[in-house]
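Asks: how would this look folded up:
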Amino acid sequence: MQRGLLTSLLLLCLPLLAHAGDAAVAVIQLNQIGYLPAAHKLAAVPTDADAEARFVVEDAATGEPAFAGELGAAATWPPSNQRVRIADFSALETPGRYRLRIRGLPPSDEFVVGDDAYAALAAASLKAFYFNRASMALEPRYAGRFARAAGHPDNRVRVHASAASEARPEGTLLSAPKGWYDAGDYNKYIVNSGISTWTLLAAWEAFPQVFAAQDLGIPEGGDGAADLLHEAWWNLAWMLDMQDSADGGVYHKLTTLQFAGMVMPADARAPRYVVQKSTAAALNFAAVMAQASRVYAPFDAQFPGASQRMLLAARAAWAWAQSYPQAFYRQPADVATGTYGDDRLDDEFAWAATELYIATGEDAFHDAFAKRRVKAGVASWSSVGGLAWISLAAHRERLTPRASRAEIEREVESAAAALLRQWQGSAYRLAMREEDFVWGSNAMALNQAMLLVEAYRLNGKRDYLDAAQSQLDYVLGRNPLARSYITGFGARPPMHVHHRVSEADGIVDPVPGWLAGGPNPRQQDAKDCSGHPYPSKMPALSYIDAVCSYASNEVAINWNAPLVYVAAALQALTARQGDDP
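Replies: Prediction:
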């Protein structure tokens with residue numbers, strides 16, 4: 001994609017309508033960007049509205065009808081306690097710009113049907129990682145109006161008391177530059193970097209044609225390696241520096257002792273520390289380095305020696321974790337930043353073993369995976385067993401005879417089938433249930449979509465792809481709040497995300513391409529947001545577009561990574577009828 005085209009597409013996706021309040025609204029709810037021609041296309045219509053049962057899709061410019069149909073039966077969706085009817089206009093495949101009309105309701109937001117419906121979204125959600133880079137200035141020619149000075153060189157990082165060793169006593173200075181800021185704050189965490197980097201590299205392995213065609217406008221582009229690989233390398237290079245070469249252990253995080261205020265990176269100058277080596281960090285590191293070693297192997301000209309170096313680092317981290325299988329992270333008394341603590345590590349052991357097995361072909365690693373008896377499921381930073389099964393499924397043809405391809409396919413399809421049943425039985429046609437509305441619920445929706453995509457890649461059954469489409473539709477506007485949860489995209493995107501750069505840069509619009517965390521009924525930030533009260537405690541309504549809301553409106557790299565994956569997957573897999581996916 002040309003750099004100018006990406007900028008133009010982002011501008012087209014900026015808000016078209018005034019912001020609605022953050023409460024359930026009686027309007028037509030649909031994907032506010034649009035659809036690929038062959039995509040499953042649904043809208044949700046609240047039944048308490050005084051509306052007819054018939055709907056019409058019309059050309060947005062001329063008002064001429066392009067498709068007409070009947071609404072489905074009314075049903076209640078428990079997460080919002082809202083009765084809705086579904087409009088299905090999947091048969092509309094002609095490219096164009098449209099809106100949906102139902103007598104008694106305002107017309108829907110305009111949306112596009114087109115062959116590149118998600119190209120700009122896939123690019124912007126990936127470039128969000130560039131905008132969160134540490135240790136470098138973002139120049140105007142690459143960052144446009146979001147250019148900023150460099151912050152956090154991280155070339156004089158102190159060893160915290162919790163991380164001290166004989167070779168590196170407390171106060172020793174280390175260099176660990178680069179990497180991505182984890183979320184709305186300025187710290188860097190190995191555990192969350194694990195699932196984030198893995199997801200981007202898995203997207204590359206699954207859909208290289210999408211990423212090979214991208215030109216994100218980043219400094220390293222144009223050398224024959226995809227921009228995604230360069231972006232992921234920025235973080236991998238930092239992760240490598242977080243390993244102690246003396247013993248293979250990996251520091252849990254690089255952080256200040258307290259969170260910085262709402263300032264730009266260059267103005268956040270508190271001392272930085274590496275804190276405690278942990279088993280979780282070592283296993284996340286081992287998994288991602290093993291995966292990356294195979295991904296970067298064909299690109300030795302652009303990344304000299306990286307593949308071999310990463311595999312050696314993965315082996316060393318794995319060996320350390322065998323020696324220290326219960327080095328659980330414990331937050332030191334003088335540290336108050338993100339914890340990412342996890343005392344259940346069977347899934348991390350299984351995931352790291354799987355990636356080492358695929359990278360090396362050594363059956364001992366397969367046996368280490370099998371020993372943990374981890375089931376497939378929807379992944380999160382603290383539950384990564386599902387990533388192991390997705391990797392096994394994606395690479396099942398290259399595995400040794402020790403692995404059962406039939407078992408791998410059964411396991412992944414069984415987990416995805418449960419999501420499919422939830423989708424089929426949902427009033428909103430979503431796999432999301434009440435218990436899925438957790439901190440980062442929007443990422444839950446997209447991680448569900450990833451599992452559904454993998455099942456589709458295994459069995460080719462279209463329902464799985466359609467269910468994944470619905471999950472993307474949800475974060476782009478087919479939800480009870482009728483809003484997009486992605487900055488810069490849709491008619492009503494978030495404008496006040498909990499993201500220090502977006503808040504402190506003096507620009508009205510937030511940095512584009514970021515997925516807000518989404519509704520979270522636990523409302524852990526309610527006291528901090530007393531001036532912006534939550535509109536409801538219903539799971540799907542518990543959201544506020546306010547910078548104070550770290551529990552519902554923060555951004556994070558592990559939430560954006562599945563957005564990159566799903567946007568690319570749908571762009572690559574949603575073929576017109578009769579075409580090969």
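Asks: State the number of residues packed around the nearest residue to D59 once chain neighbours are set aside.
Replies: With sequence-adjacent residues excluded and distances taken as Cβ to Cβ, 6 or more residues apart in numbering, D59 is closest to A66, at 5.7 Å. (Each C-beta comes from the backbone N, C-alpha and C, glycine too.) Per other Cβ atoms under 10 Å, the neighbour tally for A66 reads 16.
Asks: that's a strand at A66, yeah?
Replies: Yes: looking at A66 with DSSP: H, G, I helix; E, B strand; the rest coil, it is inside a strand.
Asks: close enough to count as contact, it and F55?
Replies: No: A66 lies out of contact with F55 (Cβ atoms under 8 Å); the separation is 11.7 Å.
Asks: overlap in contacts of the two?
Replies: Common contacts of A66 and F55 (Cβ atoms under 8 Å, 6 or more residues apart in numbering): none found.
Asks: outside of the longest helix along the chain, which residues touch it?
Replies: For the chain, the helix reaching the highest residue count under DSSP state H is reported as helix 405-425. With contact meaning Cβ under 8 Å, 6+ apart, helix 405-425 is reached by 375-378, 386, 389-390, 392-393, 396-397, 399, 429-433, 448, 451-452, 454-455, 458-459, 463-464, 467, 470.
Asks: Show me what counts as buried in that helix.
Replies: Using 16 or more other Cβ atoms under 10 Å as the burial criterion, the residues of helix 405-425 that qualify are I408, E409, E411, V412, E413, A415, A416, A417, L419, L420, Q422, W423.
Asks: ok, now stretch 333-345?
Replies: V335, T337, G338, Y340, D342, L345.
Asks: which other helices and strands contact the host helix or strand of Q469?
Replies: Element membership for Q469 (DSSP states H and E) is helix 462-475. If you count contacts as 3 or more Cβ pairs under 8 Å, 6 or more residues apart in numbering; DSSP states H and E, helix 462-475 packs onto helix 405-425, helix 441-459, helix 557-573.
Asks: quick one, which of these is nearest to G488?
Replies: Across those, G488 has its closest neighbour in helix 557-573 (12.5 Å, Cβ to Cβ).
Asks: The closest one vs helix 462-475, what angle?
Replies: Put simply, helix 557-573 runs at 130 degrees to helix 462-475, going by axes from the mean of the first three to the mean of the last three Cα atoms, to 10 degrees.
Asks: how far is helix 557-573 from where the chain is centred?
Replies: Here helix 557-573 is found 7 Å from its chain centre; the criterion is Cα atoms, centre = their mean, to the nearest Å.
Asks: What helices and strands are in contact with it?
Replies: helix 119-131, helix 190-206, helix 208-212, helix 441-459, helix 462-475.
Asks: again, only using 6 Å
Replies: helix 119-131, helix 190-206, helix 208-212, helix 441-459 (3 or more Cβ pairs under 6 Å, 6 or more residues apart in numbering; DSSP states H and E).
Asks: Tabulate these (TSV), appending distance to K277 and mean neighbour count.
Replies: As requested, those are exported to TSV (distance: least, Cβ to Cβ, whole Å; neighbours: other Cβ atoms under 10 Å):
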stretch	distance to K277	mean neighbour count
helix 119-131	26	26
helix 190-206	10	25
helix 208-212	33	17
helix 441-459	27	25
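Asks: Least confident secondary structure element in this structure?
Replies: One helix or strand of the chain scores below all others by mean pLDDT, DSSP states H and E: helix 3-12, with a mean of 39.
Asks: Next secondary structure element downstream of that helix?
Replies: That would be, after helix 3-12 and using DSSP H and E, strand 34-35.
Asks: From the chain's centroid, how far away is the helix or strand just after that next one?
Replies: Using DSSP H and E, the helix or strand that follows strand 34-35 in sequence is strand 42-46. Taking Cα atoms, centre = their mean, one finds strand 42-46 lying 25 Å from the centre of the chain it belongs to.
Asks: okay, the next helix or strand after strand 42-46 in PDB with CA atoms only?
Replies: Sequence-wise, the next helix or strand downstream of strand 42-46 (DSSP H and E) is strand 54-59. Extracted in PDB, the C-alpha atoms of strand 54-59 (Å, rounded to 0.1, in the frame of the first residue of the first chain):
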ATOM      1  CA  ARG A  54     -38.700  -4.900   6.800                       C
ATOM      2  CA  PHE A  55     -35.300  -3.300   6.100                       C
ATOM      3  CA  VAL A  56     -33.800  -1.800   2.900                       C
ATOM      4  CA  VAL A  57     -30.100  -1.300   2.100                       C
ATOM      5  CA  GLU A  58     -29.800   1.800  -0.200                       C
ATOM      6  CA  ASP A  59     -27.000   3.500  -2.100                       C
END
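Asks: Show me what strand 54-59 is packed up against.
Replies: Against strand 54-59 (3+ Cβ pairs under 6 Å, 6+ apart) you get strand 65-70, strand 96-101.
Asks: Deepest-packed of those, please.
Replies: Comparing the helices and strands packed on strand 54-59 by mean neighbour count (mean count of other Cβ atoms under 10 Å), strand 96-101 ranks first with a mean of 19.
Asks: CA atoms only for it - export them in PDB, please.
Replies: Extracted C-alpha coordinates of strand 96-101, given in PDB (Å, rounded to 0.1, in the frame of the first residue of the first chain):
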ATOM      1  CA  GLY A  96     -20.300   0.600  -3.100                       C
ATOM      2  CA  ARG A  97     -21.200   2.900  -0.200                       C
ATOM      3  CA  TYR A  98     -24.500   2.100   1.500                       C
ATOM      4  CA  ARG A  99     -26.700   2.700   4.500                       C
ATOM      5  CA  LEU A 100     -29.500   0.600   6.000                       C
ATOM      6  CA  ARG A 101     -33.000   2.000   6.500                       C
END
